[in-house]
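In: Here's a sequence, model it:
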Amino acid sequence: MEKPEINESESRVSNISVSILKFITSEGHIVDDNTKTLKEICDLWEVKAIDVFSSFRYRAAVEARQVLMFSLKYELGLTLEQIGELVSGRDHSTVSHSIMKVNELASVDKDYLYRIIALGLDKWLK
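Out: Residues are numbered from 1 along each chain as shown. Down below sits the predicted model:
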């Protein structure tokens, strides 16, 4: 699926997500030193950070969002509910599904696995 064109009025990023994005990022970096940066994830999937926090469903945005959730779970130890709230108010079951998808895709897609390794997240794969 091709990346959709958006303008400011079409952005579905909630105010809380924008606030959280500002909170967890400093120059695009998640605050914790052990956590991979949002910028690195966005660069590897060639998406904008705003797309990660949107409701867009094109593949690159979805995968980057899932990897961010995976990172927040294992690198920061956040609960599924906390991650869901951080990532545009998603439900904990969506977060759980996203984490399972990262494990699944890494086991069947070499390019995907290489990106996970580049982020240093492979130690959390099951």
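In: Identify the residue nearest residue 115 in space, chain neighbours excluded?
Out: Among residues not flanking residue 115 along the chain, residue 44 sits closest, at 4.7 Å (Cβ to Cβ, 6 or more residues apart in numbering). C-beta: built from backbone N, CA, C; applies to glycine.
In: what do you get for residue 93?
Out: residue 80 (8.0 Å).
In: for residue 61, same thing?
Out: For residue 61, ignoring the flanking residues on the chain, the nearest one in space by Cβ to Cβ, 6+ apart is residue 51 at 4.4 Å.
In: So which bits of the helix or strand containing that neighbour are buried?
Out: Taking DSSP states H and E as the criterion, the element that holds residue 51 is helix 49-52. Buried residues in helix 49-52, defined by neighbour count with 16 or more other Cβ atoms under 10 Å: 49-52.
In: what stretches of this structure score poorly on pLDDT?
Out: Along the chain, the model assigns pLDDT under 70 to residues 1-36.
In: list the buried ones in stretch 114-126?
Out: For stretch 114-126, by 16+ other Cβ under 10 Å, it's 115-116, 119, 121, 124.
In: And for stretch 91-111?
Out: 94-95, 98-99, 101-102, 105-106.
In: all helices of this protein, in order?
Out: Listed in chain order, the helices found in the chain under DSSP state H are 15-24, 38-45, 49-52, 59-76, 80-86, 92-108, 110-118.
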